[in-house]
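Trainee: curious how this folds, go ahead:
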Amino acid sequence: MDCVIYTRISLDRTGEGLGVARQEKECRALAKKLGLRVVKVYSDNDISATSGKVRPDFEAMLDAQPPAIVAWHQDRLLRLTRDLERVITLNVPVYSVTAGTLDLTTPAGRAVARTVAAWSQYEGEQKATRQVAANVQRAVSGVHQGRVGYGYRREGSAVVLHDAEADTIRAAVKRVLDGESLRAVCKDLDAQQVPTPGRGAGWNTTTLKQLLLRPSLAGLTVHRGQVVGHSPADSPRVIDEDTHERLKAVLTDPLRRTSPAGRTPKYLLGGIARCGRSTGALDEPGKPVECGGVMVRAVGRKTRQANGNEKRQPPSYVCSECYRVRRKQDSVDDAVDRVLIGRLQMPDAAALFTQGDPATLQEARDTIEALDARLANAADMFATGDIDAAQLTRITERLRADRVQAAAALDAALPPAVPAELIGPNALQVWGGLSMDVKRAVLDTLVTVTILPSGSGKAFDPATVRVTWKS
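Mentor: Numbers count the residues shown, from 1 in each chain. Purely as a prediction, here's the structure:
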């Protein structure tokens, strides 16, 4: 009598197929003992019978309708009752090396097979339930498995911060919270040849956004996309939880403006300033209606002088609607800079721009100043030998952690896209070091700029650039 052999193993860690090879060897020995002639071997290696994946050779065996089947154990052939019913339709005996014969041609044999299959399916479902519970427990307790994410590295069995990657993340977080675009940050990372989290050739906004939104950066544990708990208090964190929440609010804000792919904006007021030319009409309160067109940056025009020579006018902002207001770019930018920086340097600027209690903002500033003084004092004590390196490390780690919290409180009290250090006596110096993306974001957050017309040939008058502070 002819027969076929069916072998399967759920997980082949080595990929060498040794498990199915051993099964085939013992199945051939059984077939020889029973006087059966093996005409074909069907094998599904590294495929679970309960995963729902198609088992190609199992399907091929059913299509071939063999006269008899030899398997190492019934659960190698099937573990789901629905698979058993398909084998039953063949109406053939099934011989197994470790569990005897299942005569599927008789009612009694089919009843036994169904019972065995039901218990096999139960065991598989119980195992899956235990595995899910164990995975959730590991996630809640902060136990890391598998490959660690960008910003972390393994040190033996422990997971610690990868200093360079963590610094990259923190710098990107600060720039985004300061109003800089993801595209500009990616461009700088590529320019500095900073390795990407994956195998990509360069940084892109999708990769960076996904990285910055990872809850694990703030010590939050995730299972199947849901935050299920916190890592232990002593677990390494790239950013604190408050910063993560602020970052999430910024990057998932449906009103967040995203620029189309292209060049990074180069000009301070292009697309931000508005045209203030009067249209001659009046609104309901009786006020003159202004053009309101968006001012765009235009290359200087060429003009012919009386002596016949051509002279190019300097770059200007021109109204994209009426084209009748044109002002020199450098002069307008300088006028807006002066108004903005002058106001940000005033003593009451912090109270003016805070979103919460001004006292909270001042308290955070005082805390940072005190912590900086204590850090400097600790460095002096180490230099004079009053404390050793280990003591200096403990002191500075604690003080820096406190400073991070104070800085987060300071940033949270300010409008989005306004760096905390920009408000105060150092506003001019800080403004000069900001990228164009951040400058534009700050302007768009704090003021409305309107460019008024000026008579032809007149010297530039700063009063014709109206800067209105937003409430």
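
Trainee: what helices and strands are in contact with the strand or helix carrying Asp75?
Mentor: Taking DSSP states H and E as the definition, Asp75 sits inside helix 74-77. Secondary-structure packing of helix 74-77 (3 or more C-beta pairs under 8 Å, 6 or more residues apart in numbering; DSSP states H and E): strand 2-9, strand 93-96, helix 107-140. Quick note: C-beta positions are derived from backbone N, CA and C, even for glycine.

Trainee: show me what secondary structure element comes after that helix.
Mentor: Trace forward from helix 74-77 with DSSP H and E and the next one is helix 81-88.

Trainee: please save the CA atoms from that next one in CSV.
Mentor: Output in CSV follows, covering the C-alpha atoms of helix 81-88 (Å, rounded to 0.1, in the frame of the first residue of the first chain):
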residue,chain,number,x,y,z
THR,A,81,-10.3,21.3,14.2
ARG,A,82,-11.1,22.8,10.8
ASP,A,83,-7.9,21.2,9.3
LEU,A,84,-8.9,17.9,10.8
GLU,A,85,-12.3,18.0,9.0
ARG,A,86,-10.5,18.6,5.7
VAL,A,87,-8.3,15.5,6.3
ILE,A,88,-11.4,13.4,7.3
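
Trainee: hmm, who's touching it?
Mentor: By C-beta atoms under 8 Å, 6 or more residues apart in numbering, the surrounding residues in contact with helix 81-88 are 49, 58, 62, 69, 77-78, 94, 104, 110, 113-114, 117-118, 121.

Trainee: next one: stretch 178-198
Mentor: 149-150, 168, 172, 175-176, 202-205, 207-209, 211, 258-259, 261, 264, 416-419, 434-435, 437-438, 440-442, 445.

Trainee: per the record, what domains does the protein have?
Mentor: Domain ranges of the chain: 2-139, 152-251, 274-355+414-469, per automatic domain parsing.

Trainee: secondary structure element holding Thr243?
Mentor: Going by DSSP H and E, Thr243 is in helix 241-251.

Trainee: sorry, back to before: from the contacts of helix 81-88, pick the one nearest Arg154.
Mentor: Nearest to Arg154 among the contacts of helix 81-88, counting by C-beta to C-beta, is Ala49 at 34.1 Å.

Trainee: from the contacts of stretch 178-198, which ones fall inside strands?
Mentor: When DSSP state E is applied, the contacts of stretch 178-198 are split such that none fall in strands.

Trainee: make a ChimeraX selection of the buried ones in those.
Mentor: With 16 or more other C-beta atoms under 10 Å as the criterion, this ChimeraX line picks the buried residues out of the contacts of stretch 178-198:
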select :149,150,168,172,175,176,203,204,205,207,208,211,416,417,418,419,434,435,437,438,440,441,442
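
Trainee: go through the contacts of stretch 178-198 and flag which are in helices.
Mentor: Under the assignment DSSP state H, these contribute 168, 172, 175-176, 205, 207-209, 211, 437-438, 440-442, 445 to helices.

Trainee: tell me where the stretch 151-300 of the chain has helices.
Mentor: Ranges of helices within the stretch 151-300 of the chain are 163-177, 182-191, 205-212, 241-251, based on DSSP state H, counting those that start in this stretch.

Trainee: what angle separates the last one from helix 163-177?
Mentor: Helix 241-251 and helix 163-177 are oriented at 50 degrees to each other (axes from the mean of the first three to the mean of the last three C-alpha atoms, to 10 degrees).

Trainee: use 51 as the first number for this chain going forward.
Mentor: With 51 as the first residue, the last one maps to helix 291-301.

Trainee: show me what helix 291-301 packs onto, helices and strands only.
Mentor: Looks like helix 291-301 contacts helix 213-227, helix 255-262, helix 439-462 (3+ C-beta pairs under 8 Å, 6+ apart).

Trainee: quick one: contacts of the first one?
Mentor: Yep, that's helix 213-227 we're talking about. By C-beta under 8 Å, 6+ apart, helix 213-227 touches 200-203, 232, 234-235, 239, 244, 258, 261-262, 267, 288-289, 293, 296-297, 300-301, 461, 466, 485, 488.

Trainee: so for that helix, mean pLDDT?
Mentor: Mean pLDDT, helix 213-227: 90.

Trainee: repeat that for stretch 371-383.
Mentor: On average, stretch 371-383 scores 90.

Trainee: then stretch 94-102?
Mentor: 65.

Trainee: got it, and stretch 487-495?
Mentor: The average pLDDT for stretch 487-495 rounds to 83.

Trainee: how about stretch 134-148?
Mentor: 87.

Trainee: list every C-alpha atom in the helix holding Asp125, with coordinates, as CSV.
Mentor: The C-alpha coordinates for helix 124-127 follow below in CSV (Å, rounded to 0.1, in the frame of the first residue of the first chain):
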residue,chain,number,x,y,z
GLN,A,124,-1.1,14.3,14.9
ASP,A,125,-0.2,17.8,15.9
ARG,A,126,2.5,17.9,13.3
LEU,A,127,-0.2,17.3,10.7
